[in-house]
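Enquirer: Next one to model:
(one chain, ligands or ions: 1)
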Amino acid sequence: MSHLDPPTNNSNDEDDDDDEIPILFDLDSNTNHNNNTTPQPINTSPSQQHSSTLPAVPVTILTGFLGSGKTTLLRNILTSKQHHKRIAVIENEFGGGEISSDLMKQAGMAGRDDDDDGRNKFLSVETMIATDGTDGSNLMDLIELSNGCVCCTVKDSLVATLEKLLSKRSDLDYIIIEASGMADPGPVASIFWLDEALESRLRLDGIVALVDAKNILFQLEFTSSVQGVEGERDGTGFHGDEAARQIAFADRIIVNKIDLLESSTQLEQSDTGTGTTIQHVLDAITCINPTAPILTTTYSTMENLNWVLDTECFNPERVQEVEATYDQLVHGQCKHIQCGGCTSQQYCGLCNNTDNRSHFPSHHHTSAISTIALFNIGSVDLHRLNSWLASILWPNQDEMESVLRARLERQQQLEENTEVHVRKEVTSNAQGSGTQQYIYRIKGILSVVHSSISEASTWEEKEADYIICPETRLDRRRYIVQAVNDLWDVTPASDQLCWKDGDTRCCKVVVIGKWLDEETLAREFEECFCTA
Ligand SMILES: Nc1nc2c(ncn2[C@@H]2O[C@H](COP(=O)(O)OP(=O)(O)OP(=O)(O)O)[C@@H](O)[C@H]2O)c(=O)[nH]1
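Expert: Numbering: from 1, shown residues only. Next comes the predicted model:
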């Protein structure tokens, strides 16, 4: 069993010039495949040049903070029979989505052997999740832009990718760009009018922001520049308004995950009365962006996808206006320009308060937020994995607290400088947890072993097909693990992602968070694997 360490990707690394043009995958022939779900790259033929007589291809930018529901919406679009669009998708990962490794190739996760530079390239977790369950009828191409945010480190790659896509394909009806959960949509939108070549061939249809109703107030607070000033003072980095800027630039806003909100009645009846209602969320959003239409959804589901596609709602002047508003906020005091004047009782999502406080310079990603990718050959024990997830995402549960307390005591005995080590040892997703590790997002693809025969036989009874090997208790299905803040699930992917004979079983998990303790996470992840 081995743990590979891809370089940690700090998104404020603006000098990072890992900007090579990403691979194009041909999905025409193999998205509806039972044998191999891995899209194969195709060569750009000079004869397939885009004709300038064709109408401009509309582009939608999907934005929204980590885990807000962008990929869920994308999958709804790609599996919908409502439209018959031939869509190309550009996926942007915040980082850590790509591991070059022979082991991943062995494990059947390779996109193709080599790219133009002769380096191995592999499909990301994000791409596997986004295309799982799609039959390929709407999806023409899928392009990965990994290793940085589309708004900064890989912005040039986006332009090159769009140009290459247009020259390669004349049959596209639509392009969807799924920005990373940390991306600022402003700079992404600007390429559509700053790049002359693209301007005539593409039309930015709209910026659609997904908002995680359960977590948005917390995300606004924790990515705010006011917090950032404090962060910089204690030498731990600063934040960059990501969550607020995604809302501010949006032409349409989808408030997703309303199933996780408390109703006003529940709130009145609850002991604490500290939950978030839809009204709190709407107040915060309209404070930041008072003009964009808002739709509330669960699992990004809407009656009519025309609410997000072919809307023609993009307005470049508004983008410039938002930039200008931000500039005023940066260079002066917050006058609630964007929200038109909050009363002192209102929560201002943009400035986080009603005080006149100076703000930190516009867009920077916090240096404290990073992505790490954990990769191991082998299969995880489902029970152990769930316990590990509980320990890092729910540290305040009673049981976990006692475990952690025991670990702390042990640690205190071992270490002279208890203060520093204790803080490092406690993994905490408690809101407002200072400089302790905070995990925003986990996503991954797993090979799973069931720890008990009874668990295995339950599955066997449920499914007509043979799914779990009675001897090894290995599950034939790939599993997808997803976590957003304190909620997680581990579910089987569709049949098209099943492990095949000859595949090397492996697990890849991407963790995005603040002040991540990579060494401990890697060790604990490895402990979830079956050794037999
Ligand atoms: N309960 C609930 N879960 C949801 C809803 N929408 C999405 N999810 C879950 O939230 C998790 C994150 O959803 P994604 O669609 O992957 O979010 P994303 O914005 O693409 O995430 P990033 O790419 O990491 O920024 C997944 O486990 C989804 O199944 C919802 O309305 N309610």
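Enquirer: who's in contact with the closest residue to the ligand within the stretch 51-200 of the chain?
Expert: As assessed by C-beta to the nearest ligand atom, the ligand sits closest to Gly181 within the stretch 51-200 of the chain, at 2.8 Å. C-beta here means a position set from N, CA and C on the backbone, and glycine is covered the same way. Contacts for Gly181 (C-beta atoms under 8 Å, 6 or more residues apart in numbering) come out as 64-68, 70, 94, 440-441, 512.
Enquirer: now with 6 Å?
Expert: 65-66 (C-beta atoms under 6 Å, 6 or more residues apart in numbering).
Enquirer: Help me confirm that it is found in a strand?
Expert: No - under DSSP: H, G, I helix; E, B strand; the rest coil, Gly181 sits outside any strand and is assigned coil.
Enquirer: now it: how far from Gly64?
Expert: With distances taken as C-beta to C-beta, to the nearest Å, Gly181 is found 7 Å from Gly64.
Enquirer: Could you do Leu198 as well?
Expert: Noted for Leu198: a distance of 23 Å to Gly64, by C-beta to C-beta.
Enquirer: Considering only helices and strands, which part of the chain has the lowest mean pLDDT?
Expert: Lowest by mean pLDDT, DSSP states H and E among the helices and strands of the chain is helix 418-425, with a mean of 32.
Enquirer: what's the following helix or strand after it?
Expert: Next helix or strand after helix 418-425 toward the C-terminus (DSSP states H and E): strand 438-449.
Enquirer: nearest residue to Thr297 other than its sequence neighbours?
Expert: Nearest in space to Thr297, with sequence neighbours left out and distances taken as C-beta to C-beta, 6 or more residues apart in numbering, is Asn256 at 5.0 Å.
Enquirer: partner residues bridging that neighbour?
Expert: Counting by DSSP bridges, Asn256 forms beta bridges with Asp212.
Enquirer: Please tell me how far it sits from Glu317.
Expert: Distance from Asn256 to Glu317, counting by C-beta to C-beta: 28 Å.
Enquirer: try Phe529
Expert: Separation of Phe529 from Glu317 (C-beta to C-beta): 54 Å.
Enquirer: Give me the more crowded residue out of those two.
Expert: Phe529 (20 against 7; other C-beta atoms under 10 Å).
Enquirer: wait, the more buried one sits on Asp381?
Expert: No - checked against C-beta atoms under 6 Å, the pair Phe529 and Asp381 is beyond contact range at 7.3 Å.
Enquirer: Next up, the contacts around whichever residue of the stretch 301-450 of the chain sits closest to the ligand.
Expert: Nearest to the ligand in the stretch 301-450 of the chain, going by C-beta to the nearest ligand atom, is Arg441, at a distance of 4.8 Å. For Arg441, the contacting residues are 66-67, 484, 512, by C-beta under 6 Å, 6+ apart.
Enquirer: What of Thr60?
Expert: With contact set as C-beta under 6 Å, 6+ apart, Thr60 has these partners: 176, 205-206, 208.
Enquirer: so what's it bridging to?
Expert: With DSSP bridges as the criterion, Thr60 is bridged to Ile176, Gly206.
Enquirer: coming back round to it: give me the more crowded residue out of Leu198 and Gly64.
Expert: A count of neighbours by other C-beta under 10 Å puts Gly64 above the other of Leu198 and Gly64, at 29 against 20.
Enquirer: Spatially, what comes nearest to the more buried one if we skip its sequence neighbours?
Expert: Nearest residue to Gly64, sequence neighbours excluded (C-beta to C-beta, 6+ apart): Leu210, at 3.2 Å.
Enquirer: Check the gap between the one you found and the ligand for me.
Expert: Leu210 sits 6 Å away from the ligand, going by C-beta to the nearest ligand atom, to the nearest Å.
Enquirer: And Glu518, by the same measure?
Expert: 19 Å.
Enquirer: Could you give the number of residues near that residue?
Expert: Counted with other C-beta under 10 Å, Glu518 comes out at 14.
Enquirer: what does Phe218 give?
Expert: 17.
Enquirer: so it, which of the three states?
Expert: With three-state DSSP as the basis, the three-state label of Phe218 is helix.
Enquirer: What is the burial count for the nearest residue to Gln219 once chain neighbours are set aside?
Expert: Once flanking residues are discounted, Gln219 sits nearest to Ala243: 4.1 Å by C-beta to C-beta, 6+ apart. Number of residues near Ala243 (other C-beta under 10 Å) recorded here: 31.
Enquirer: what helix or strand is Ala243 on?
Expert: If you go by DSSP H and E, Ala243 is part of helix 242-248.
Enquirer: for Trp388, same thing?
Expert: Assessed by DSSP H and E, Trp388 sits inside helix 382-393.
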